[in-house]
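Asks: With the sequence up front, the predicted model follows.
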Amino acid sequence: MAFRLLHSIFTSAKSPSKFDKDLMLRGIERVVDGTDPRLRAVSHYRRKLWTPVERAIDFVVNFVNALPGPVTADRQGYMSDPRLRALFASPDSLRDILSFSDGVRHYLQQRSAPLPTELYGGLGAIRVEKNVLGIEMDGDILRRDVAQVVVNFCNHRLGFLTGQEQDTRRELMRRGFDYLVETALQRLTATRIQKTQLEQQQRQLLQRKAGLLHQAQVGFEALTDTTATDATPHDLAALEQQLQDLETELNQLRADSATLDDHLAKVAATLNEPEALLRLETVEFTLDHTNTKVSADAGRVANTMTFQDIVLSDERRVTALLVRFPSADLLPQPDFFQEANRLLQSIR
């Protein structure tokens, strides 16, 4: 069975409840396809994966449903929502991101029918906080070189475009579930890489040991080689200890990864701890019109706003917002082929 990248297990019209058999079976098969299809050879693999997959599905459903409702991302929304003003420098920059992001381009390429009147999507951006020295009014006194924190947002991305909010949420559920599957695969791969590295290190130590044994005249070389010198005894003892430690670690790795049952157990263990791999954090701060952090009671024009950060297992994070906007707001897509021809004509 091929692993279809765009296939979603979340195909029901409503958020699944705990959980119909068809959804569970689709989830299990997606896990197997996404990690190691040989796991189907394990006896009762579906039964063994049922509870971990159920836990992972339940987690991503609740995770996505915890995201607040969509923000209206048009010119009027920009003027009324301080979050959009913090994220984008102007209404035009907001419109450019909505129009020319990779997610929009791919969505338009796949559409043959007219666009829905309103589009829904997931907007992500990287938040960067920078310590600077600025100026600040303290009553009637202008103070310089005041330590401040400026918040900037960059690398804006828009994806999961659909004509319905719930369809966009289902796409986010799919991506969340696939992220857990991808992490399970990475852990299997890491175990195999570690085993290979240890075996390579073991070969190098064995070669060193052979050289030291040769120098120490342990074998028949004592009778035939008159140029060898004595090896330091503690060198051999240290090598023996290193070899013994490596063998212990290798044996443990073999015990963990030698069988498909062990592979399946590793996959199940990953899916059983989704909260350690993916989390949603609420971040609140107060910003003035220059995106500088101020205290909520600073007595100056500022807005207190709340964002949701999606945090991955390696502590990478992205500020996430569900958005909706009129499809008529999209600017015409550039014709790169026509533009390239125009540039070639201008060169000639």
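Replies: Great, that's in hand. Residues are numbered from 1 along each chain as shown.
Asks: which of the residues in the strand or helix carrying residue 281 are buried?
Replies: Here residue 281, judged by DSSP states H and E, is contained in strand 278-287. By 16 or more other CB atoms under 10 Å, the buried positions in strand 278-287 come out as 278, 285-287. Just so you know, the C-beta spots here come from the backbone N, C-alpha and C atoms, and that holds for glycine as well.
Asks: now stretch 182-202
Replies: Buried, per 16+ other CB under 10 Å, within stretch 182-202: 183-185, 188, 191, 195, 198, 202.
Asks: again with stretch 306-319
Replies: Buried residues in stretch 306-319 (16+ other CB under 10 Å): 307-308, 310, 313, 317-319.
Asks: what's the answer for stretch 61-69, then?
Replies: Judged by neighbour count (16+ other CB under 10 Å), stretch 61-69 contains these buried residues: 61, 63-64, 67.
Asks: what about it, start to end distance?
Replies: End-to-end distance for stretch 61-69: 15 Å, by CA to CA, to the nearest Å.
Asks: how far is it from where the chain is centred?
Replies: Offset of stretch 61-69 from its chain centre (CA atoms, centre = their mean, to the nearest Å): 17 Å.
Asks: begin at 3 from here
Replies: OK, 3 is where the count begins now, so the last one is stretch 63-71.
Asks: Just name the closest of the buried residues of stretch 308-321 to residue 239, please.
Replies: When those are compared for distance to residue 239 (CB to CB), residue 315 wins out at 40.9 Å.
Asks: thinking again about what came up before, which pair in the buried residues of strand 280-289 has the greatest spatial separation?
Replies: Most distant of the buried residues of strand 280-289, by CB to CB, are 280 and 288, 28.0 Å apart.
Asks: Now do the helices in the stretch 103-252 of the chain.
Replies: Here the stretch 103-252 of the chain has its helices, by DSSP state H, counting those that start in this stretch, at 104-112, 167-217, 223-226, 235-259.
Asks: hey, least reliable of the ones you listed by pLDDT?
Replies: Lowest mean pLDDT within these: helix 223-226, at a mean of 49.
Asks: Give the full set of residues in contact with the most centrally placed residue in the chain.
Replies: Compute the mean C-alpha point of the chain, and by CA atoms, centre = their mean the closest residue is residue 314, 5.4 Å away. Residues counted as contacts of residue 314 (CB atoms under 8 Å, 6 or more residues apart in numbering) are 181, 279-280.
Asks: Could you report the separation of it from residue 182?
Replies: Distance, residue 314 to residue 182, by CB to CB, to the nearest Å: 11 Å.
Asks: Which neighbours do these two have in common?
Replies: With CB under 8 Å, 6+ apart as the test, residue 314 and residue 182 both reach 279-280.
Asks: how about the nearest residue to residue 159, chain neighbours excluded?
Replies: Distances taken as CB to CB, 6 or more residues apart in numbering place residue 126 nearest to residue 159, at 4.8 Å, with adjacent residues excluded.
Asks: do residue 166 as well
Replies: residue 122 (6.4 Å).
Asks: give me every residue that touches the one you found.
Replies: 72, 162-167, 169-170, 324-326 are the contacts of residue 122 under CB under 8 Å, 6+ apart.
Asks: Residue 138: which of those residues is nearest?
Replies: residue 325 (33.4 Å).
Asks: quick one: that closest one and residue 73 touch, right?
Replies: Yes - using CB atoms under 8 Å, residue 325 makes contact with residue 73 at a distance of 5.2 Å.
Asks: Would you confirm that residue 294 contacts residue 136?
Replies: Yes - using CB under 8 Å, residue 294 and residue 136 qualify as a contacting pair, with a distance of 6.7 Å.
Asks: any shared contact partners between the two?
Replies: Common neighbours of residue 294 and residue 136 (criterion: CB under 8 Å, 6+ apart): 150, 152.
Asks: Need the three-state assignment for the closest residue to residue 38 other than its chain neighbours.
Replies: The shortest distance from residue 38 to any non-neighbouring residue, by CB to CB, 6+ apart, is to residue 265 (5.6 Å). Here residue 265 is recorded as helix under DSSP: H, G, I helix; E, B strand; the rest coil.
Asks: wait, what's in contact with residue 265?
Replies: With CB under 8 Å, 6+ apart, residue 265 has these contacts: 37-38, 40-41, 190, 259.
Asks: Residue 279 versus the nearest residue to residue 281 once chain neighbours are set aside, what's the distance?
Replies: Spatial nearest neighbour of residue 281, excluding adjacent residues (CB to CB, 6+ apart): residue 313 at 5.0 Å. Here residue 313 is placed at a distance of 10 Å from residue 279 (CB to CB).
Asks: Check residue 165 too.
Replies: 31 Å.
Asks: likewise residue 105?
Replies: Taking CB to CB, one finds residue 105 at 23 Å from residue 279.
Asks: Tell me which of residue 165 and residue 279 has more neighbours.
Replies: residue 279 (20 against 15; other CB atoms under 10 Å).
Asks: which ones are touching that one?
Replies: Residue 279 neighbours (CB under 8 Å, 6+ apart): 181-182, 185, 272, 314-315.
Asks: Nearest to residue 88 among the residues you listed?
Replies: Using CB to CB, these come closest to residue 88 at residue 314, 22.6 Å.
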